[in-house]
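> my questions are about this predicted structure, shown below with the sequence.
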Amino acid sequence: MARTILVAFSVAALVWGHAGAQTAVEKPTPALIVLDPSQIDPAKLLPAPAADGSPVQTAELAELHEIEDRRTAARFAQAQWDSDHQNWRMFVQTLGPKFDMATLPATAKVIDTVAHDNQIASTRAKNYFHRRRPWSADKTLKTCFVGPTDNPLSSYPSGHTAYGYAVGEVLAALMPDKAQAILARAEDFAYSRLVCGVHYRSDTVGGQALGTAVAQDILSSPKMQADLAAARAELKAAELTGG
């Protein structure tokens, strides 16, 4: 049921006339730890993004320029920091310095598992949709740092956003009293991708849908129940949550 709602949400959020998705030959990937390949099939999870030159893509590029025009130096610096920290440290500013994986091994194990399977899901989706990055489509965008090896055909869905929501949804389940703050941080982390000019709005919507689906499947997996219980107890003992 959760998966059906998520897919319906992503379809509603991405309503446009678009061309069919292009497929690409996928490179070999590491084995999934928890999920089954059928659970991360991008063709069944996400609608195709808008095609280059479509009215929707044009509008999305215009939005990125609007964000660029009004962004402050401080918010741009935050976006660059977020770009460089697609890891558990993104939640320290929300949860405080006690949220340190060096002292929370059970929690670290859960996050590593979520990150691993989510990375495979994100890469598979990017390779399937093969969407051109906004900085490749419009070279006038002033973006966060883009490296010479960054793939220009890896826009959809946003991997940073998928990570933020995959880990964020799991942490919200482990720390329900902090759920709203955790998910607000995931949302802001996703917005940083727009501030950076490296993703379209629909890329982050797709990333949210994918990351949330990954999280829900991991949370419900019998393989994860012992690890989740250990992490929940550890976080409570560290006084990071009241349970």
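Received the coordinates, thanks.

> could you point out which element follows the helix of greatest length in the chain?
As assigned by DSSP state H, the longest helix anywhere in the chain is helix 105-129. Counting by DSSP states H and E, the next helix or strand C-terminal to helix 105-129 is helix 134-137.

> what average pLDDT does that next one get?
For helix 134-137, mean pLDDT is 97.

> returning to what we had before: how far off centre is the longest helix of the chain?
Here helix 105-129 is found 10 Å from its chain centre; the criterion is C-alpha atoms, centre = their mean, to the nearest Å.

> what are the buried residues along it?
106-108, 110-111, 113-129 (16 or more other C-beta atoms under 10 Å). C-beta here means a position set from N, CA and C on the backbone, and glycine is covered the same way.

> what do you get for stretch 138-150?
D138, L141, T143, C144, V146.

> spell out the secondary structure type for the last one.
It refers to V146. coil (DSSP: H, G, I helix; E, B strand; the rest coil).

> ok, now which ones touch it?
V146 is in contact with W135, V198, counting by C-beta atoms under 8 Å, 6 or more residues apart in numbering.

> rewinding a little: per-residue confidence averaged over the longest helix of the chain?
Mean pLDDT, helix 105-129: 98.

> could you say what helices and strands whatever helix or strand Q225 lives in packs with?
Here Q225, judged by DSSP H and E, is contained in helix 225-237. Applying 3 or more C-beta pairs under 8 Å, 6 or more residues apart in numbering; DSSP states H and E, we find helix 225-237 packed against helix 105-129, helix 159-174.

> report the angle between the axes of the longest helix of the chain and helix 225-237?
Put simply, helix 105-129 runs at 120 degrees to helix 225-237, going by axes from the mean of the first three to the mean of the last three C-alpha atoms, to 10 degrees.

> now the angle from helix 105-129 to helix 159-174?
Using the same axes, to 10 degrees: helix 105-129 against helix 159-174 is 140 degrees.

> and G243, what pLDDT?
Listed pLDDT for G243 reads 74.

> now G53: phi and psi?
phi 80, psi -10 (degrees, to the nearest 10).

> what residues are up against V110?
By C-beta under 8 Å, 6+ apart, the contact set of V110 is V170, L174, M224, D227, L228, A231.

> and those, which is closest to H65?
V170 (34.9 Å; C-beta to C-beta).

> any idea how many residues pack against that closest one?
V170 sits with 27 neighbouring residues when counted by other C-beta atoms under 10 Å.

> for T212, see how far away it is.
From V170 across to T212, the span is 10 Å (C-beta to C-beta, to the nearest Å).

> what sits against the most centrally placed residue in the chain?
For the chain, A162 is the residue whose C-alpha lies nearest the centre (C-alpha atoms, centre = their mean; 1.6 Å). The neighbours of A162, taking C-beta under 8 Å, 6+ apart as the test, are N118, A121, S122, G207, Q208, L210, G211, V214.

> ok, the residue nearest to the first one when sequence neighbours are not counted - contacts?
Closest residue to N118 in three dimensions, ignoring its sequence neighbours and counting by C-beta to C-beta, 6 or more residues apart in numbering: A166, at 4.1 Å. Contact criterion C-beta under 8 Å, 6+ apart gives V114, A115, N118, L210, G211, T212, V214, A215, I218 as the residues in contact with A166.

> ok, which pair from those is furthest apart?
A115 and T212 (14.8 Å).

> so what's Q93 up against?
Taking C-beta under 8 Å, 6+ apart, one finds R185 in contact with Q93.

> any idea how far A190 is from it?
For Q93, the distance to A190 - C-beta to C-beta - is 15 Å.

> can you lay out the contacts of V110 as CSV showing pLDDT and distance to A237?
Formatted as CSV, the contacts of V110 follow (pLDDT from 0 to 100; distance: C-beta to C-beta, whole Å):
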residue, pLDDT, distance to A237
V170, 98, 18
L174, 98, 13
M224, 98, 20
D227, 98, 16
L228, 98, 15
A231, 98, 11
